[in-house]
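In: just a sequence and a predicted model for now, questions to come.
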Amino acid sequence: MKTLDEIKALSPDSRAFAAARKQANPAKWRRLGRDGDALWGVGVGSKGDTYAVFASGDRLACSCPSRRQPCKHSLGLLVLEAEGHAFPEEALPEGHRYS
Ligand SMILES: [Zn+2]
């Protein structure tokens with residue numbers, strides 16, 4: 001599990017980290033889960049669109065169109081974990097396995 005300082009260091013800049021902290025709100029996620037060392041989630045965008053989000057070690061991925069990588073969704077997933085949010089054990093859904 002990463003600390004908030006480590007997540008901040010992964011963020012493209014301080015604004016991205018601030019956005020990630022806002023994203024670390026269970027209400028912004030339709031589903032959250034843990035599969036082994038991987039965290040995953042289905043994030044909900046402002047227009048109700050959903051994103052497949054994945055984090056495992058330093059490998060962060062998201063299906064959103066943001067050009068800022070890692071995006072606030074994948075960083076937000078790590079912040080949720082750092083803040084003690086419980087992730088139910090659940091296999092990665094189809095489409096969540098990035099290489
Ligand atoms: Zn994203």
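Out: Perfect, thanks for sending it.
In: what sits closest to residue 91 if chain neighbours are left out?
Out: Closest residue to residue 91 apart from its sequence neighbours, by CB to CB, 6 or more residues apart in numbering: residue 35 at 5.3 Å. For every residue, glycine as well, the C-beta is placed using N, CA and C.
In: list the beta-bridge partners for the one you found.
Out: In this entry, residue 35 is beta-bridged to residue 38, by DSSP bridges.
In: OK, contacts around it?
Out: Residues near residue 35 by CB atoms under 8 Å, 6 or more residues apart in numbering: 89, 90, 91, 92.
In: let me know the closest of those residues to the ion.
Out: The closest of these to the ion turns out to be residue 92 (CB to the ion; 16.4 Å).
In: for that closest one, helix, strand, or coil?
Out: Under DSSP: H, G, I helix; E, B strand; the rest coil, the three-state class of residue 92 is coil.
In: wait, isn't it in contact with residue 33?
Out: Yes: the pair residue 92 / residue 33 is scored as a contact, 7.5 Å apart, by CB atoms under 8 Å.
In: among the contacts of residue 35, who's most crowded?
Out: Of all the contacts of residue 35, residue 92 has the most neighbours under the rule other CB atoms under 10 Å, reaching 18 neighbours.
In: list the contacts of that residue.
Out: 33, 35, 38, 40, 54.
In: residue 8 too?
Out: Residue 8 neighbours (CB under 8 Å, 6+ apart): 14, 17.
In: that one belongs to a helix?
Out: Yes: Residue 8: assigned to a helix according to three-state DSSP.
In: could you find the closest non-adjacent residue to residue 71?
Out: residue 62 (4.9 Å).
In: that neighbour - how many residues pack around it?
Out: 23.
In: hey, what's it bridged with?
Out: residue 53.
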